[in-house]
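S.K.: quick one: sequence plus predicted model below, questions after.
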Amino acid sequence: MWPNKIRLAVIPLSLLLVLSCVTTPVTNREALILIPYEQELSLGKQAFKELTEKEKESADPRLNELVRKVARRIAAVSDMPDLEWEFKLIDSPVQNAFCAPGGKVVVYTGILPPAANEAGLAAILGHEVAHAIARHGAQRMSQQLILTGILATAAISLENDKDHDLIMATLGLGATYGAALPFSRMNESEADEIGLVYMARAGYDPNEAVNFWKRFAAQKGPDQTAEFLSTHPSDETRIKDLQKLIPNAIKEYDKSMPQYGLGESFR
Ligand SMILES: [Zn+2]
């Protein structure tokens with residue numbers, strides 16, 4: 001039997017843990033999130049502003065239209081279509097794209113050559129949007145909260161210098177700050193699984209996800225720090241796992257109307 005004092009401390013925490021379990025869409029996995037959703041949305045908004053305000057937006061009208069079209073289609077079939085979605089195409093050789101919590105999507109023009117076509121970009125955005133919808137950033141922040149107690153839930157803010165880099169890193173946006181914190185292998189696999197379903201529901205041929213990763217693995221350099229270049233799962237494992245998920249994604253694709261196949265080419 002625990003002394004009373006300890007029991008008093010343990011009960012509220014265990015209650016908190018029970019109350020903080022959420023179910024992830026598509027994969028139906030249970031996840032622990034201790035960050036209030038409103039706070040997560042506000043962090044996503046701040047991060048999006050911070051990451052885009054110093055960058056130059058692409059002035060290419062055709063590319064802007066294509067990227068926004070694909071992003072809008074993925075957002076519309078995601079499990080949170082009613083978020084305040086925003087999309088920005090940044091003119092930069094960086095091979096990256098991300099979706100901050102709250103539906104704030106950034107694509108760098110450097111990722112378009114390996115994406116090659118709308119379906120390739122849909123694979124990338126499906127994956128990034130899946131991280132946001134599955135709330136992987138908030139899950140990671142919650143783990144940090146338990147492990148280190150660095151972040152006090154009431155005071156989590158990007159304006160607090162002490163926590164700034166850690167928050168950006170837990171949201172998956174840390175590479176820019178030299179504080180890359182790759183998502184766990186389980187988070188990555190889950191984003192691949194959900195992303196593939198999203199791209200298929202949006203009307204893009206899911207087979208192109210496998211082709212995209214093959215193209216990407218063949219050309220990426222060792223110094224790449226983009227979120228989805230993380231080494232886990234390895235390219236080979238990722239491609240093999242995606243291939244196993246294709247039959248289910250094809251079922252989603254067969255139901256989607258209209259079907260765009262690969263869509264237009266970026267070249
Ligand atoms: Zn990822």
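M.R.: Thanks, I have it.

S.K.: pull the strand or helix carrying residue 213 out as CSV, backbone CA atoms only.
M.R.: In this structure, residue 213 is located in helix 207-219 according to DSSP states H and E. Taking Å, rounded to 0.1, in the frame of the first residue of the first chain, the C-alpha atoms of helix 207-219 are listed here in CSV:
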residue,chain,number,x,y,z
ASN,A,207,1.2,3.6,-57.2
GLU,A,208,2.9,6.9,-57.9
ALA,A,209,3.9,7.1,-54.2
VAL,A,210,6.2,4.2,-54.6
ASN,A,211,7.6,5.7,-57.8
PHE,A,212,8.2,9.0,-56.0
TRP,A,213,10.1,7.4,-53.2
LYS,A,214,12.3,5.5,-55.7
ARG,A,215,13.0,8.7,-57.6
PHE,A,216,13.7,10.5,-54.4
ALA,A,217,16.0,7.8,-52.9
ALA,A,218,18.0,7.7,-56.1
GLN,A,219,18.8,11.4,-56.2
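
S.K.: that helix near the ion at all?
M.R.: No - if you take CB under 5 Å from the ion as the test, helix 207-219 misses the ion, and the best it gets is 11.9 Å. For glycine as for every other residue, the C-beta is placed from the backbone atoms N, C-alpha and C.

S.K.: quick check: buried residues in that helix?
M.R.: Neighbour counts over helix 207-219 (16 or more other CB atoms under 10 Å) mark 207, 208, 209, 210, 211, 212, 213, 215, 216 as buried.

S.K.: ok, so of the residues you listed, who is nearest residue 188?
M.R.: Residue 188 has its nearest neighbour among the buried residues of helix 207-219 in residue 213, at 11.8 Å by CB to CB.

S.K.: name the nearest residue to that closest one, sequence neighbours excluded.
M.R.: Among residues not flanking residue 213 along the chain, residue 239 sits closest, at 5.2 Å (CB to CB, 6 or more residues apart in numbering).

S.K.: before we move on, what about residue 137?
M.R.: residue 171 (3.9 Å).

S.K.: just to check, the one you found is in contact with residue 45?
M.R.: No - using CB atoms under 8 Å, residue 171 makes no contact with residue 45, being 11.4 Å away.
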